[in-house]
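Asker: One predicted model, sequence on top.
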Amino acid sequence: MMDRNPLILGDKTYKDITDDICEPIETVPGKQWMLMFFSAKSLLIFYLISVGVILFTGMGLMGTNHPVGWGTDIVTFVFWIGIGHAGTLISAILFLFRQKWRTSVARSAEAMTVFAVMTAGIFPLIHTGRPWLDFWLLPYPNQRGPLWVNFRSPLLWDVFAVSTYATVSIVFWYVGLVPDFATVRDRAKNKVRKTVYGVLSLGWRGSARHWSHYEMVYMLLAGLATPLVLSVHTIVSFDFAVASLPGWHTTIFPPYFVAGAIFSGFGMVVTLLTLVRIGFPKFKDYITIDHMEAMNKIIMCTGMLVGYAYCSELFIAWYSGVKYEQYAFINRALGPYWWSYWIMFSCNVFIPQIFWFRAARRSIPIMFVISIFVNIGMWFERFVITVTSLHRDFLPSNWGMYDWSFYDAAILFGSFGMFLTLFLLYLRAFPAISIAEVKPVLYVGKKKGGH
Amino acid sequence: MDKQQQEMKSTRNYWKSLDEKYQTDEFLQQAEKEFQSSPLQAEDDKSGLARRQFMKLMGASIALSGAACVRRPVQKIIPYNKRPSEVIPGLDNFYASSFFDGREGFGITVKTREGRPLFVKGNSDYPANGPGMSVRGTSQLLSLYDPDRLRNPTINSQDPKKRGNKLSIPRDWESLDKKAVEGLKEGGVHFLTGETPSPSLNNIIDRFVENTGATLHRWSPVNQEDILQASKESFGKASVPKYRYELAQMIVSIDADFLGTHLNPMESSRLFQKARDPQGNMSKLVSFQSVPSLTSLNSDDNYPIKPSQQLPLVLAMIHELTAVQGHGSVSGSFGSLVKKYASTYEEIGMSHEDFARVVENLWSNGGSSIVIAGGLQAKTKDSVSLQIAVNYLNDLLNNNGSTIHWSHGLLTYQGRDTDLTQLIEKMNAGEVKTLIINDANPMYNLPNSDEFKKALGNVKLVISTNNWMDETTSLADLVAPSGHQMENWGDNEFEPGLVTVQQPTIRPLHNTRSLGDSLMAWSKGLEKPVTSEETFYDYLKASWMKQVGSEKAWYSLLQTGFQGDTYGGVERTLGFNPSALNKVKVTLEGSDLELALYTKVGLHDGSMANVSWLQELPDPVSKICWDNYLVISPVLADKKGLRDGSMVEVKTSSHSMKLPVYISPGQNPGAVAVAIGYGRREGGELQKGVGFNVQDFIQMDRGLFEYSGFPVEISNVGGETYQLAQTQGHHTMHGRQLAVETTADHYKDTGNVGLHKHKVFSIWNKHKYEGHKWAMAIDLNSCTGCAACVVSCQSENNIPVVGKKYVLGGREMHWIRIDRYYSGDEKKSVDAIFQPVTCQHCENAPCETVCPVLATVHSDEGLNDMVYNRCVGTRYCSNNCPYKVRRFNWFYYDGHHRKEPLHMALNPDVTVRTRGVMEKCTFCVQRIKAGKNTAKDENRPLKDGDITPACQEVCPTDAITFGDLNDKDSKVAKYYEEKRSYALLEEFNAAPRVRYQAKIRNTHRDLGGGHHGGGSGHGDKHEATEHKEGH
């Protein structure tokens, strides 16, 4: 075995690990957390009010129009779904590949997945004209004929893909949490906490049988979640790829979307974990610079993948000889929305190149800034795909511009309120690092040898 | 009020003042005002809820909000107790009638349902307009149901000297008549009226004028006095001619937008199109225009000019014809005048070859050519000279009497500016004691309206019979609303020998009385009755009975709606009087930049500005709605650094104001133009503050209004911009084969239109359509872009209006839109092609596969059906539609959210869509059903032509054809076979059920070369090549 850096720093004992990780749950939050929480919560309330006003008044408040039928709602939906990908990738695929460094970051990445999918899930619901009838997208027995759904529509595939993904992610996340909940329960000194975590831990006693079943279930779920990482964004990309609009109708979309999703997901994980490291200094021993560096490498790699996809799209548009397709791509780069295209290109392809330098990969301030750029770039990628394809299609007489309104901004920024509120609550209520999984990797890279 | 009076009378009479005791008018007014803040009721309908009402409503709302999940309250509906024999609930009744919109008269058929007019179309038997109907004609439905229309006879509390309305009190007719008669008794009566083409009403007016010793002034804002004066000079008869475009082989228009706004545009379009058959008889239209219009855009060749060049141009043509080509001769002072302007064509950048060709064509088609000048743009200082010169040119070409009918001209243009100026003089001199104003709004239409207001101060009693509390009516003392044309009896003679009856199609919605009835009532009050009959209807019927003989004949007249024929008599050729030429003088000196006012297709003179359909109708030329703007050339825009919407200061010698600019391709760099009819101040909530009031640019000269040719300066004002709501922002085809055109020569030589054909294939078998297979054909060669179909569709299909703000945001709702593409050099002159686009009902409809809830599905007759109540509103269908014809209900646009009584205009056959659902053209599926039902009732198979969608029905040029493709003899099947036919975006393989027929332009130019954006004529390079393209 090659020498490697220790995954956990600071000469921890098992008890130290348990103490460190349980500390946020068992102590009163400090000012920093409170400040962040109240800001996030205010944003959440603002978000709820904005959504309420739109539901009450109508979709007309948003910037969507004729010809741009999809706008901020769908852009932000795809954005959040993409964010979710890193979580499952880290927890499931890296688990199957026995990547030990994943243990410290998997829990939070998974939490991010769940919250991102929850945040994303709201958008397709509120973007419809009559959101109170959204349940019609579910194929359930009914008295209208019975009237069935259209299985040919990618939007319907979306319903299945996203709901499956959300379910599996939540179950996977929860199963991983069970032993840790039991730990919190066992440490609890007050009755309420004992009861709550007692219920959450589903009677976990830590017997060998439990562990044996647990390991098996966890591995099966990891196996089940793995194809979902690929399928969800593939199917989300079908919303575009199956449509016949120039700029949407491309076969490269599934892999391109998955790469972009992983890219943006890791960007978001880096953003959040740098914040966690600041908020909980003790976690620096568990979420080390090595962890961050590993993720930055993935960011750079997937960034180049999407860069390849961008170039390939341009080439294929030219090579196809279809003038509508050619125009769509010229228009992306040089049309009225040129700025969004170049924001996308710069943030996703050029800026991550700085990670070629080891110093940059290991610098917390640099990676934080870059991860924010990645998030911005990936939002704009979806904006470019959705809006700039729609705004100029076949008949020039239809061409128009997206009518960005106050409510578009409110919904976009408000959704971060929802996501951050959930994430901040999670940091205080759940063990943010997997206690059970970290302990086995305590000696990795230490001179004393393996366990 | 009556109740209070009665109460006061029934008890012992206590009084606070003598006024109260004697119940003087002043007191009654006071008393009414005293209770205007009654807790029981708001003072008028406008000021919202009164206190108690508010409390009641609030209480009820709270109670309701607590009472969720309660069964919907039962609302009983009562069927007809005794059904009128002709009314079957749910079935349409059609009535023949007629309509005059202040510009053009129509024979119409009104569709009513249970006594409620729902749709207006042309009377297909009526010889002048046929089934065609203008946007204004269809829109009258909405003005009938206009919530702002006056509902009662009204007395305005007016300071007679200063004229400023303080309070309008609705009263009954008796008290209004009493006051009117008192005023009329004093003499000095003047009667100002707009056009009244009704012979019976004119008889009443004449007798009224006679009996009361009144003076009649006839004036309408867009009148043709210059033509009347010139024809008087030229032929000794004041007449506005009828043009027989169907006989003309060569037409030269000098600013006369006869296809859009000039004289009788719908009838003209129809006649013009008869001579535009690409297979055979194809006329040629050359336009010289100072502002692009429907006529210039539909012309075969067009040349932008300045207003001051109109007359010199005609003179140059006369010179070319006589002196150069040697057909006739001119001498004397006119001869030297003609010579002086012989080279005007150079000033407009025309080669002598082209100019000579135009004149040569005119001559070689002598007797079947037309030279026409007119419109507001031609009302310059020299407008009468221009008309005389044109008359002379037509005389040289032997057109008078053959293609131009002077002796049987239009009767709809009798108004004269001089009548109004005389009236104002008399008012200022204090000779006018009582003024009756009917269908005229000088306070809006006149420049410097304050002067008219001052003149009104000298009039003791002003009576208005207008239907809105407009700029003029609000200054009147008595308002006797005459009701809508659809509510009143009448008859109309729009041209000699063709008389239509105007049947009311609904009882007056409000307490209104027709002008005829008012005049009869007043004359009775004066004890000088104009007729012995009780009502105007009795008079009308009696006078018609004399003509038609029997009651039965009268009823059959009502059924057919008209009597006589167009060109009702033998046209006498009137000899041209050469001495008229002495009056031709060129006094207008050209300037670097000249201003022209013009009228738009929708709003025209502004009288129907309160109709939302017209306001939201994209102007056929600019595609801008809800505004007027200064039309400038791209050259000027470059020079001044202006963009669309930049505000500029426009300054003429008489007026100066700020206006937004619109850069119009093909506008002459030396001319700018702005439309009148906007910027209404009063008379309706909707029109208030829409656009800019530019009436003050009008100048008066010898009693005639001048609208054009003013030297103008425009200057930038600090980068200020204004938003113009334009529904089409891109005007070229970007090299795509969308609207196809080719030249007549090319088509004749090769028999094809140079289509670039695509081989498309599918791996699936096509659907079978066993029964009907509905399809549409749209002939781009016939379409003039007049937009009649747009408004007709809006009326038939309950399509909402969204307002300027949302048009700007891209939310207009029209199911059929007219795409207009330019080609040519936008800095010189442009050609345009109009392409109506509606749902293409694709056989491989891209919208259907993507809808997750199957809200849009295909019928077995090939219709792409939209299931509104299943629609959730994902808008995926719209995104996937290559034609982008789907429209989304962004807010609640349905009936409950319309102001009463506008909801009565809703067609009960068509679902009113709620918020959040997608909608689009249905090929008028309700009409398909109705047609099938009728055929079934009559126990016969459906015939071709039984079913006409609303757009086809009103199209004046028959550009739209709908029918069954399975019927091989149907018109539409024949169109499909035509060489000019093509599917829009054929290579996309959506297999649309609409075929377009390419436009043929009768020009010698090579359309393929030098075209901006490589738009039309593009096909020439491809010569019907086929290439394979897999999808």
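Answerer: That came through fine.
Asker: where do the helices sit along the stretch 901-1031 of chain B?
Answerer: Taking DSSP state H, counting those that start in this stretch as the test, the helices found in the stretch 901-1031 of chain B are B:925-937, B:950-954, B:971-977.
Asker: Nearest to chain A, out of those?
Answerer: Set against chain A and scored by Cβ to the nearest Cβ, the helices of the stretch 901-1031 of chain B come closest in helix B:950-954, at 17.2 Å. No exception for glycine: its C-beta is placed from N, CA and C like everyone else's.
Asker: do the host helix or strand of residue A:35 and chain B meet?
Answerer: Using DSSP states H and E, residue A:35 sits in helix A:31-57. Yes: using Cβ under 8 Å from any Cβ of the partner chain, helix A:31-57 comes into contact with chain B via residue A:57.
Asker: Put the alpha carbons of the helix or strand following that helix into PDB.
Answerer: The C-terminal neighbour of helix A:31-57 among helices and strands, as given by DSSP H and E, is helix A:72-88. In PDB, the C-alpha atoms belonging to helix A:72-88 read as follows (Å, rounded to 0.1, in the frame of the first residue of the first chain):
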ATOM      1  CA  THR A  72     -36.400  30.800 -14.300                       C
ATOM      2  CA  ASP A  73     -38.500  28.000 -12.900                       C
ATOM      3  CA  ILE A  74     -37.200  25.300 -15.200                       C
ATOM      4  CA  VAL A  75     -33.700  26.800 -15.200                       C
ATOM      5  CA  THR A  76     -33.500  26.700 -11.500                       C
ATOM      6  CA  PHE A  77     -35.200  23.300 -11.300                       C
ATOM      7  CA  VAL A  78     -32.400  21.800 -13.500                       C
ATOM      8  CA  PHE A  79     -29.900  23.700 -11.500                       C
ATOM      9  CA  TRP A  80     -30.900  22.300  -8.100                       C
ATOM     10  CA  ILE A  81     -31.400  18.800  -9.500                       C
ATOM     11  CA  GLY A  82     -27.900  19.000 -10.800                       C
ATOM     12  CA  ILE A  83     -26.600  20.100  -7.400                       C
ATOM     13  CA  GLY A  84     -28.100  17.000  -6.000                       C
ATOM     14  CA  HIS A  85     -25.900  14.800  -8.000                       C
ATOM     15  CA  ALA A  86     -22.700  15.100  -6.100                       C
ATOM     16  CA  GLY A  87     -24.200  13.700  -3.000                       C
ATOM     17  CA  THR A  88     -25.300  10.400  -4.500                       C
END
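Asker: what stretches of the chain score poorly on pLDDT?
Answerer: Since you didn't name a chain, this refers to chain A. Within chain A, the segments meeting pLDDT under 70 span A:1-3, A:445-451.
Asker: ah, I was thinking of chain B
Answerer: Low-confidence segments of chain B (pLDDT under 70): B:1-51, B:54, B:61-81, B:568-571, B:895-897, B:1008-1031.
Asker: Looking at the stretch 51-200 of chain A, which residue is nearest chain B?
Answerer: Nearest residue of the stretch 51-200 of chain A to chain B (Cβ to the nearest Cβ) works out as residue A:129 at 2.0 Å.
Asker: And the residue in the stretch 251-400 of chain B that chain A sits nearest to, its phi and psi?
Answerer: With Cβ to the nearest Cβ, the shortest gap between the stretch 251-400 of chain B and chain A falls at residue B:297, namely 14.9 Å. Per-residue torsions, residue B:297: phi -70, psi -20 (degrees, to the nearest 10).
Asker: okay, now the nearest residue to it once chain neighbours are set aside: neighbour count?
Answerer: The spatial neighbour of residue B:297 that comes closest, neighbours along the chain excluded (Cβ to Cβ, 6 or more residues apart in numbering or on different chains), is residue B:832 at 3.7 Å. Residue B:832 has 27 neighbouring residues, counting by other Cβ atoms under 10 Å in any protein chain shown.
Asker: Repeat that for the one 4 residues further on.
Answerer: Residues near residue B:836, counting by other Cβ under 10 Å, number 24.
Asker: Same question for residue B:764.
Answerer: Using other Cβ under 10 Å, residue B:764 is surrounded by 7 other residues.
Asker: could you measure it against residue B:989, distance?
Answerer: Distance, residue B:764 to residue B:989, by Cβ to Cβ, to the nearest Å: 11 Å.
Asker: quick revisit: helix/strand/coil for the residue nearest to residue B:297?
Answerer: Secondary structure state of residue B:832, per DSSP: H, G, I helix; E, B strand; the rest coil, is strand.
Asker: Give the bridge partners for it, please.
Answerer: With DSSP bridges applied, residue B:832 shows beta-bridge pairing to residue B:822.
Asker: now swap in residue B:108 and tell me
Answerer: Residue B:108 has these beta-bridge partners by DSSP bridges: residue B:97, residue B:122.
Asker: Most tightly packed of the helices of the stretch 901-1031 of chain B?
Answerer: Neighbour counts (mean count of other Cβ atoms under 10 Å in any protein chain shown) averaged over each of the helices of the stretch 901-1031 of chain B peak at helix B:950-954, with a mean of 27.
Asker: and residue 95, what element?
Answerer: Let's take chain A. Counting by DSSP H and E, the element that carries residue A:95 is helix A:94-96.
Asker: um, chain B though
Answerer: Here residue B:95 sits within strand B:92-100, counting by DSSP H and E.
Asker: What residues sit buried inside that strand?
Answerer: By neighbour count with 16 or more other Cβ atoms under 10 Å in any protein chain shown, strand B:92-100 contains the buried residues B:92, B:93, B:95, B:96, B:97, B:98, B:99, B:100.
Asker: can you tell me how far the first one sits from chain A?
Answerer: The one in question is residue B:92. For residue B:92, the distance to chain A equals 31 Å [Cβ to the nearest Cβ, to the nearest Å].
Asker: Next up, the contacts around that residue.
Answerer: Counting by Cβ atoms under 8 Å, 6 or more residues apart in numbering or on different chains, residue B:92 touches B:111, B:112, B:113, B:118, B:930.
Asker: what do you get if the cut-off is 7 Å, keeping everything else the same?
Answerer: B:111, B:112, B:113 (Cβ atoms under 7 Å, 6 or more residues apart in numbering or on different chains).
Asker: now the nearest residue to the first one once chain neighbours are set aside, what's its secondary structure?
Answerer: In space, not counting the residues next to it along the chain, residue B:111 is nearest to residue B:119; the distance is 4.1 Å by Cβ to Cβ, 6+ apart. The three-state assignment at residue B:119 reads strand, by three-state DSSP.
Asker: Quick check: residue B:119 touching residue B:796?
Answerer: Yes: contact criterion Cβ atoms under 7 Å: residue B:119 and residue B:796 qualify, at 5.9 Å.
Asker: So which of the two has more stuff around it?
Answerer: Using other Cβ under 10 Å as the criterion, residue B:119 and residue B:796 rank with residue B:796 on top: 26 against 23.
Asker: Which residue is the nearest non-sequential neighbour of that one?
Answerer: Using Cβ to Cβ, 6+ apart and skipping the chain neighbours, the partner closest in space to residue B:796 is residue B:950 (3.6 Å).
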